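>>> Next input, structure requested:
(2 chains)
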Amino acid sequence: MRAAVVVFPGTWSDGDCIYALSRVGIEGYRVWHREAPDFAADELVVLPGGFSYGDYLRCGAIARFSPVMESVRAHAARGGLVIGICNGFQILCEAGLLPGVLMRNASLQFRCQSTYLLPGSADSPFTSSLDLDRALAVPISHGEGNYFADAATLDLLEATGRVAFRYCDADGAVTDEANPNGAQRNIAGILNEGRNVLGMMPHPERACDPLLGGEDGNAIWRSVLDAVGVRA
Amino acid sequence: MTVDDHTLAQVAMSRVEFDRLVAMLEREPTEVELGMAGALWSEHCGYKHSRPLFKHFPTRGPRVLTEVGTENAGAIDLGDGWCAVFKMESHNHPSAIEPYEGAATGVGGILRDIFAMGMRPVALLDSLRFGPLADAHNRHLFAGVVAGIGGYGNCIGVPTVGGEVQMAPQYSGNPLVNAMCVGVGRVDHLLSAAARGVGNPLVLVGADTGRDGIHGATFASVELDQDSADRRPAVQVGNPFMEKLLMEACVELAEQHGDWIEGLQDLGAAGLTSSAVESAHRAGTGIDIDTQLVPRREQAMTPYEVMLSESQERMLVIPKREHLDDVLALFRRWELHADVIGSVTGDQMATIRDGAEVVARISIDVLSDAPQYELETRRPADLDARQSEDLSALPDLDVAHAGAMLLELLGSENLASRRWIFRQYDHQVQNNTIVAPGGDAAVIWLKGTTRGIAVATDCNGRLVGLEPRIGAQIAVAEAARNVVATGALPVAVTDCLNFGNPEHPEIAYQLAQSIIGLSEACRALETPVVSGNASLYNETPDGAVLPTPTVGMLGVIEDVARAMTPALHDGDTVLLLGATVAQGAETLAGGEYLAHAHGRVAGLPRLDLDLEVRVQRLVLDAHARGLLTAAHDCADGGLAVALAECCIAGNVGLDARAIDLGARTDAALFGEAQSRFLVATRDVEAVRVLAAAADVPCTVLGVAGGGLLRLGPLALAVEELRDIHEGGLARILSGPETMV
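Numbers count the residues shown, from 1 in each chain, chains lettered A, B, ... in the order given. Okay, here's the model as predicted:
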């Protein structure tokens, strides 16, 4: 399987994503943001982490105008798989592909630390192989990951099983203490209505190798492989 | 041109130096020439006080690929065609005035030194010094510097993996911000910063040039005073996004198109002046620049301002003529401006034009020939008295209070966990961080191999202040010990010499003795100095900073999967290598306990370099044989603090009830004798045999397990130790706002 890893000016986890994908047998390749390719129906499109355009205006606010975003939009509309990680999540929200916004962390400081994620739903191509009772160790690294949406949107996300991940403790308890950035309802990642677009603040590509402290993040890529395999 | 004192003060040139310049030129310099000479002859660029001392440094070794001074940073052979380049640099004065941008641009500057050599930056470290955090202004500087380091490093995607922070009154108002960067790549991708090939174009890439940072190099070469805040225009503003693009473009150029260019050089202190002149000097060529071709961000800039601007995020590229279009296209693809601003000449002159008018035409040799001063040194008058204070006359610590003292120290500003700091730094990006901040040294994986590098910085200014030569030796020894504690072999050193005004003989003594001490320890440990930086004139009206020759140590570990941390594991036996538990009062010299409990900095620091070498070799040998499960440098705060750190890291207790504290409780628990490691093993006997063969003292302390740290008569819950240790900085930083 192939995955298009989009590179905006200022993206920095493109290499990390390609490495993580290679760990599960997915071949990642870079797509520069000025290109607007026709993504293959069965490929995964990754919007990786970083500081696109320096995050100088508002995270993701400029990147969403890049030519590649038309391709991403078309891919998503066709049901193709799109994952936005960290800055990629912010871009997806700015582009209107996902609801809500990512505000500054409640601490007003950048946070790079280990966090645990409780999957909220196994009903998506990204989470199908996850055990809903087991917390995944996946780190965060962001200054603006405080997920916010109005109560109606949050209720809808919850009612339709579109909260993909919540911050929790090592035992899977969703607590205030386990929330590293003040995100509403501990939300770490969400799905779109079609469940083919995932945005998440934590970095699964960093939890990809026991040598680097764990490989819980690979479960997401494995789910994708399952999903694509089933479709094929 | 009449040159008045004010003009000379602006370029920090003395009347004697001006007369020297006139004699060398056989005429008076033009305004632009004077500005260029002033910047290049400043201490910051010309090292006029420190360079004569550099001859002491050992600079060669089997792994050294580029000798110190020949390029922007030192390069070390990592084997199999890989190499590492690394360097440390100060950004003290800018950070004193504007902490966020001062620190941020310090990070930006050191990154450019590394990717100018064609290597990809893989790790950043920061060695920081501040005045006590009880003072609100020091807290403001501290928080600003930490935010600035994070703001730049996080944005650009290079992990900040280590460093250290110390507080002492002498750093009040004059913080030290030393940033270190390590880059790695293939040996055959190493680039030179030489302007070779007469007729080749000079291409300026990156940010437009503004008035920011004019006279930054000279600002760094004078003392801070009440008017320093007015120098804010000399502080630059960073743009990490632009630097990210520059970094990617330069690394791509080096990795894929090294044959397109002759040289690549960053623009740092003294901007275009030093960049162009130094690269011409390296190649034995000249340069011809038209300042009107330099893209500006401000109106009506003079040639003088263009040549001395320290606008950040700019690089000078010297492409081969036939590949100029290729190079310009590559930078355009990265959405960067790149403009031809001049060319390489064969006349060994710096010719600067403002359109048709020549505004400077001065010999590269003259500009590169900064005056050299033999320092007049005098041993500080109070040194003997402070060294010979009888520490054994101090009352010993009552065992009943020892537990409370350990908690106090663990939560104190110099010993509390640095988590509050490093959780604000992205220390994982690039997916190579094997050992994260919080241990002795960070370990970075060289992906595609089993190998890694270990990096640490160190310097205890209090010890250097008490005995500069020994204190500097200790800085090297401890940095090496930090690297060894991960299982890596120390291979080379970068240094950053932070001192007061060297024109004061007592400061000159500290500087000269420190360099001798650094050199002796580097020889003993076989770690040559491959790069460095001097930051002098670190003084406020209240006096000079503690002499702080910061050491950055690079080590190589053959198998990153076997990297060690201080974390203890249940059931392992903990040993102390290098000394017995019982210690004399003299080991309290210059230590945290002495400062904290008795409010004094006194005594004579000691180091046995032979023992140091033996202990480090023993630990590496035992690790190579697979005997060790954890290791930790036993240093600041002494044995009790080091053991507490091992327990906290492993989240496990230790039963060391049986140890003999000897005659002095304070020295045994908190004394800071050098050359000591804590190691954990499952095969005590094997380690003992190795230690005996190496003639290294080895004491069994106890077995890890349970939730209590039991140390002689002490018993403390690891949970309590952790709360105190990890919450320490946050508690201190939330102190009352006494001033802004």
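>>> which residues sit in contact with the nearest residue to A:P202 once chain neighbours are set aside?
If the residues on either side of it in the chain are set aside, A:P202 comes closest to A:V138, at 4.3 Å by C-beta to C-beta, 6 or more residues apart in numbering or on different chains. In short, each C-beta sits where N, CA and C put it, glycine included. A:V138 is in contact with A:115-117, A:202-204, A:206-207, A:216-217, counting by C-beta atoms under 8 Å, 6 or more residues apart in numbering or on different chains.
>>> Over to B:G109?
B:89, B:91, B:179, B:266, B:268, B:312.
>>> out of the residues you listed, who's nearest B:F57?
The nearest member of the contacts of B:G109 to B:F57, counting by C-beta to C-beta, is B:E89 at 16.7 Å.
>>> correct me, but that closest one touches B:G106?
Yes - between B:E89 and B:G106 there is a contact under C-beta atoms under 8 Å: 6.9 Å.
>>> Overlap of the contact sets of the two?
Joint contacts of B:E89 and B:G106 (C-beta under 8 Å, 6+ apart) are B:178-179.
>>> Where does the stretch 251-400 of chain B get nearest to chain A, residue-wise?
Evaluated by C-beta to the nearest C-beta, the stretch 251-400 of chain B has B:E335 as its residue closest to chain A, separated by 5.8 Å.
>>> ok, that residue - how many residues close by?
12 (other C-beta atoms under 10 Å in any protein chain shown).
>>> Next, it: phi, psi?
Phi and psi for B:E335, reported as degrees, to the nearest 10, are phi 60, psi 40.
>>> what's the single longest helix in chain A?
Criterion DSSP state H: the longest helix present in chain A is helix A:218-231.
>>> still on that earlier bit, in ChimeraX, how would I select the buried members of the contacts of B:G109?
The following ChimeraX line selects those of those that are buried, judged by 16 or more other C-beta atoms under 10 Å in any protein chain shown:
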select /B:89,91,179,266,268,312
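>>> so can I have JSON lines of the contacts of B:G109 showing distance to B:A563?
Below are those laid out as JSON lines (distance: C-beta to C-beta, whole Å):
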{"residue": "B:E89", "distance to B:A563": "27"}
{"residue": "B:H91", "distance to B:A563": "30"}
{"residue": "B:A179", "distance to B:A563": "24"}
{"residue": "B:D266", "distance to B:A563": "32"}
{"residue": "B:G268", "distance to B:A563": "33"}
{"residue": "B:Q312", "distance to B:A563": "35"}
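>>> Please flag which of the contacts of B:G109 sit within helices.
Per DSSP H, these never map to helices.
>>> min pLDDT across the contacts of B:G109, which one?
Across these, no position has a lower pLDDT than B:G268, which has 87.
>>> isn't B:L661 right up against B:V581?
Yes - in this structure, B:L661 is within contact of B:V581 by C-beta under 8 Å, at 6.5 Å.
>>> which neighbours do the two share?
B:A668.
>>> Could you pull out the strands in chain A for me?
Taking DSSP state E, the strands of chain A run over residues A:2-7, A:27-32, A:44-47, A:81-85, A:101-103, A:111-113, A:116-119, A:136-137, A:140-142, A:146-148, A:163-168, A:187-191, A:197-200.
>>> I'd like those laid out as JSON lines, including mean pLDDT and mean neighbour count.
What follows is these, written out as JSON lines (pLDDT from 0 to 100; neighbours: other C-beta atoms under 10 Å in any protein chain shown):
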{"stretch": "strand A:2-7", "mean pLDDT": "97", "mean neighbour count": "22"}
{"stretch": "strand A:27-32", "mean pLDDT": "97", "mean neighbour count": "16"}
{"stretch": "strand A:44-47", "mean pLDDT": "98", "mean neighbour count": "28"}
{"stretch": "strand A:81-85", "mean pLDDT": "98", "mean neighbour count": "27"}
{"stretch": "strand A:101-103", "mean pLDDT": "97", "mean neighbour count": "20"}
{"stretch": "strand A:111-113", "mean pLDDT": "97", "mean neighbour count": "20"}
{"stretch": "strand A:116-119", "mean pLDDT": "98", "mean neighbour count": "26"}
{"stretch": "strand A:136-137", "mean pLDDT": "98", "mean neighbour count": "20"}
{"stretch": "strand A:140-142", "mean pLDDT": "98", "mean neighbour count": "26"}
{"stretch": "strand A:146-148", "mean pLDDT": "98", "mean neighbour count": "21"}
{"stretch": "strand A:163-168", "mean pLDDT": "98", "mean neighbour count": "25"}
{"stretch": "strand A:187-191", "mean pLDDT": "98", "mean neighbour count": "27"}
{"stretch": "strand A:197-200", "mean pLDDT": "98", "mean neighbour count": "28"}
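>>> Of those strands, which is nearest B:A479?
It's strand A:111-113; of those, that one is closest to B:A479 (C-beta to C-beta) at 24.3 Å.
>>> The closest one pairs with which strands?
Next to strand A:111-113 in the sheet, as set by DSSP bridges, lie strand A:140-142 (antiparallel).
>>> Now find how far off-centre the strand it pairs with is within its chain.
Strand A:140-142 sits 12 Å away from the centroid of its parent chain (C-alpha atoms, centre = their mean, to the nearest Å).
>>> Give me the residues contacting that strand.
Strand A:140-142 has contacts (C-beta under 8 Å, 6+ apart) with A:49, A:86, A:102, A:105, A:110-113, A:115, A:180-181, A:188, A:201-203, A:206, B:154, B:426, B:428-429.
>>> Check stretch A:177-184 too.
A:103, A:105-107, A:111, A:113, A:115-116, A:140, A:142, A:145-149, A:154, A:167-169, A:186, A:201.
>>> still on that earlier bit, for the contacts of A:V138, which one is nearest chain B?
Out of the contacts of A:V138, the member with the shortest distance to chain B (by C-beta to the nearest C-beta) is A:R206, at 5.3 Å.
>>> That closest one against B:N431, yeah?
Yes - A:R206 is in contact with B:N431 according to C-beta under 8 Å; the separation is 6.1 Å.
>>> Which neighbours do those two have in common?
With C-beta under 8 Å, 6+ apart, A:R206 and B:N431 have common neighbours A:16, A:20, A:212.
>>> on that earlier part again, next, format the strands of chain A as TSV and append distance to B:S14.
Shown next, in TSV, are the strands of chain A (distance: least, C-beta to C-beta, whole Å):
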stretch	distance to B:S14
strand A:2-7	52
strand A:27-32	53
strand A:44-47	57
strand A:81-85	57
strand A:101-103	55
strand A:111-113	47
strand A:116-119	62
strand A:136-137	61
strand A:140-142	49
strand A:146-148	55
strand A:163-168	61
strand A:187-191	61
strand A:197-200	61
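>>> Ends of stretch B:640-660, what's the gap?
End-to-end distance of stretch B:640-660: 13 Å, with C-alpha to C-alpha, to the nearest Å as the criterion.
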